[in-house]
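1. Sequence and predicted structure are below.
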Amino acid sequence: MWRETLKKLAAAFGLPVPDNRHRTGPKKYSLESLAKVLLFRNVFGMKSDREMARKLGIWRELREACGLKDAPSHSTISRARDRIDLSDIFNCLVRRAKEIGLMNGFVISVDSTQFEAYMKGDKEARLGYCAAKDEFIFGYKAHIIIDANSELPIAVVVSPANEHDSKHLKPLLRRVFRNFICEVQKLLGDSAYDSSAIRKFLRSAGIDDVIDRNKRRGKEFPKIKDKDYKKRSASERVNSHAKGSFGLEDFTFAGIRRALQHTYACLAAMLYSAIASFGMKNEKWRRVLV
């Protein structure tokens, strides 16, 4: 059963990874195979490249799903991150999900989630307050926009953990517009995004701002009556999935560039699994196949 499942996962979407290796260099592993290795690492929630290399060494079906004859070393897997643009893979999977009708982008939701730095000496990480845990976390913050109906990610920005959510909404929306130019009708957000500048920007783009009011302004605002506002909780579920099932909290590198690569890998793995499940007509595809 696992063999057939892995084959279907691997065949669900051929990753268009350009092989930019030097012609005289080693040709043992294609970049497409290594890209699948990176995604499968997060699909199965493996905590390190070493663990993934060990799993590939003993699990023949997983090697076959990745298109490998033998297992690459953990260092080969690690170096692949510098040769593979995970943001391109993520955006390609978003477009694929849109093409097959898995998402439409009509209603989007925005939220952020924090994850700890791997080492205390990480010079680009910062100390930020996490309201969900009511504690300060030294690390990074992933700002994620999701398609609220499918509960799948469509754009992400990563910052040090101390930066305010509202600062990153415009860059996020510009990433959304790459794949959803005219589709977006509503943006759902909590009070962290309550600012006149953000509301003006959304209106200028023809997007309804379904954003909670910040009660710190000392005014009594009426409750939001929009029927789609309850879908904002989908962001919390996606963040929980990213951490619990796809390893967002298992960050074992340093620096914001690696933090962004790590986040793209986690969210791309989420999309990859959902696309495969949807293609296999799994009725519970929203819960992700594996």
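-> Nice, I can see it.
2. quick check: mean pLDDT across the longest helix along the chain?
-> When the chain is parsed with DSSP state H, its longest helix is helix 256-279. Throughout helix 256-279, pLDDT has a mean value of 90.
3. What of stretch 45-61?
-> Here the average pLDDT along stretch 45-61 is 90.
4. For it, what is the distance to the chain centroid?
-> Taking the mean of its C-alpha atoms, stretch 45-61 sits 21 Å from the chain's own mean (C-alpha atoms, centre = their mean, to the nearest Å).
5. Same check on stretch 84-100?
-> So, by C-alpha atoms, centre = their mean, the centroid of stretch 84-100 is 11 Å from its chain's centroid.
6. can you pull the contacts of the nearest residue to residue 142 once chain neighbours are set aside?
-> Among residues not flanking residue 142 along the chain, residue 263 sits closest, at 4.8 Å (C-beta to C-beta, 6 or more residues apart in numbering). Where C-beta positions appear, they are placed from N, C-alpha and C, glycine not excepted. The contact partners of residue 263, by C-beta atoms under 8 Å, 6 or more residues apart in numbering, come to 142, 156, 158, 242, 248.
7. The last one against residue 266, yeah?
-> This means residue 248. Yes - contact status for residue 248 versus residue 266: in contact at 4.6 Å, counting by C-beta atoms under 8 Å.
8. which one of those two has more residues nearby?
-> residue 266 (30 against 26; other C-beta atoms under 10 Å).
9. so who does that one touch?
-> 42, 242, 246-248.
10. Could you tell me the phi and psi values at the spatially closest residue to residue 185 that is not a sequence neighbour?
-> Take residue 185 and drop its neighbours on the chain: the residue closest to it by C-beta to C-beta, 6+ apart is residue 106, 5.0 Å away. Dihedral pair for residue 106: phi -70, psi -40, per degrees, to the nearest 10.
11. Identify the residues contacting residue 106.
-> With C-beta under 8 Å, 6+ apart, residue 106 has these contacts: 149, 183-186.
12. ok, back up a step: where do the contact lists of residue 248 and residue 266 overlap?
-> residue 242.
13. Can you get me a residue count around residue 129?
-> Counted with other C-beta under 10 Å, residue 129 comes out at 12.
14. Spatially nearest residue to it (excluding sequence neighbours)?
-> Counting by C-beta to C-beta, 6+ apart, the residue nearest residue 129 is residue 136, at 5.5 Å.
15. just the contacts of residue 263 now: which is nearest residue 32?
-> Residue 32 lies nearest to residue 156 out of these, by C-beta to C-beta, at 22.6 Å.
16. Just the element for that closest one, please.
-> For residue 156, the host element (DSSP states H and E) is strand 152-160.
17. Give the next helix or strand downstream of that strand.
-> helix 169-179.
18. Tell me which residues of that following helix come out buried.
-> Neighbour-count burial for helix 169-179, counted by 16 or more other C-beta atoms under 10 Å, picks out 169, 172-173, 175-176, 179.
19. list the helices and strands that helix packs on?
-> helix 86-99, strand 107-116, strand 135-147, strand 152-160, helix 196-204 (3 or more C-beta pairs under 8 Å, 6 or more residues apart in numbering; DSSP states H and E).
20. State the mean pLDDT of that helix.
-> pLDDT averaged over helix 169-179 gives 92.
21. Tell me what angle that helix forms with strand 107-116.
-> 120 degrees (axes from the mean of the first three to the mean of the last three C-alpha atoms, to 10 degrees).
22. which residues are in contact with helix 169-179?
-> Taking C-beta under 8 Å, 6+ apart as the rule, helix 169-179 contacts 91, 94-95, 98, 105, 108, 110, 143, 145, 154-157, 184, 187, 189, 193, 198, 201, 205.
23. related to what we said a few turns ago, which of the residues in the longest helix of the chain are buried?
-> Neighbour count says helix 256-279 has 256, 258-279 buried, by 16+ other C-beta under 10 Å.
24. Might you calculate how far it sits from the centre of the chain?
-> 5 Å.
25. Same question for stretch 76-93.
-> 13 Å.
26. Double-check that residue 55 belongs to a helix.
-> Yes - the assignment for residue 55 is a helix, going by DSSP: H, G, I helix; E, B strand; the rest coil.
27. Name the SS class of the closest residue to residue 138 other than its chain neighbours, please.
-> Setting aside the residues directly before and after it, residue 138 is nearest to residue 127 in space (C-beta to C-beta, 6+ apart), at 4.9 Å. Secondary structure, three-state DSSP: residue 127 is strand.
28. Tell me how far residue 127 lies from residue 158.
-> 16 Å (C-beta to C-beta, to the nearest Å).
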